[in-house]
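In: no sequence on this one, just coordinates:
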């Protein structure tokens, strides 16, 4: 797509093109939604093919460089900058790594609110560790 954009001065992004097409033909949101659903499979297939091609390229590079396990499985190198985000618990929160902690605080708040029945608050208080463990495992 980027090659088309560079070589063609009349390039219009697909989303903008779809919206203009629907508006010109007298359609509205429902028609755009149906139109978009119709091309979704094509977009999904194209995205899958790009991912498969990228995986094959990574595999070829790993094999070329000799990064292969003893059982023949190619290994791809992963690089990280090892940065550490700023974390301030409960205030000035800007680190995605603290989402589980923020989640627990949000669950703990209703247990202190007396507008909820005491039995419900106690049940929630007992279940918070299980919720946190489930989220940790899911991540």
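Out: Cool, got the structure. Since we're looking at a predicted model, the values are computed, not measured.

In: and the next helix or strand past whatever helix or strand residue 18 lives in?
Out: Using DSSP states H and E, residue 18 maps to helix 14-24. Later in the chain than helix 14-24, the nearest helix or strand by DSSP H and E is helix 29-64.

In: what packs against that next one?
Out: helix 14-24 (3 or more C-beta pairs under 8 Å, 6 or more residues apart in numbering; DSSP states H and E). The way it works is simple: take the backbone N, C-alpha and C, and place the C-beta from them, glycine included.

In: mind listing what's buried in the helix it packs on?
Out: residue 22 (16 or more other C-beta atoms under 10 Å).

In: outline the domain layout of the protein.
Out: Here the domain parsing of the chain from automatic domain parsing is 2-64, 96-138.

In: okay, now the unreliable bits of this structure?
Out: Scanning the chain for pLDDT under 70 picks out 1-12, 79-102, 139.

In: if we use 90, what do you get?
Out: 1-47, 72, 75-125, 127-139 (pLDDT under 90).

In: now distance to residue 70 too, for the domains of the chain, in JSON lines please.
Out: Shown next, in JSON lines, are those (distance: least, C-beta to C-beta, whole Å):
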{"stretch": "domain 2-64", "distance to residue 70": "14"}
{"stretch": "domain 96-138", "distance to residue 70": "30"}
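
In: which residue of the protein sits farthest from its center?
Out: In the chain, residue 118 marks the outermost C-alpha relative to the chain mean, sitting 37.4 Å out by C-alpha atoms, centre = their mean.

In: quick check: the gap between it and residue 111.
Out: 10 Å (C-beta to C-beta, to the nearest Å).

In: and what of residue 24?
Out: Residue 24 is 55 Å from residue 111, by C-beta to C-beta.

In: could you find the closest non-adjacent residue to residue 28?
Out: Excluding the flanking residues, the one nearest residue 28 by C-beta to C-beta, 6 or more residues apart in numbering is residue 22, at 7.2 Å.

In: and that neighbour, what does it touch?
Out: Contacts for residue 22 (C-beta atoms under 8 Å, 6 or more residues apart in numbering) come out as 28, 31, 32, 35.

In: same deal with residue 62?
Out: Contacts of residue 62 (C-beta under 8 Å, 6+ apart): 68, 74, 75, 76, 77.
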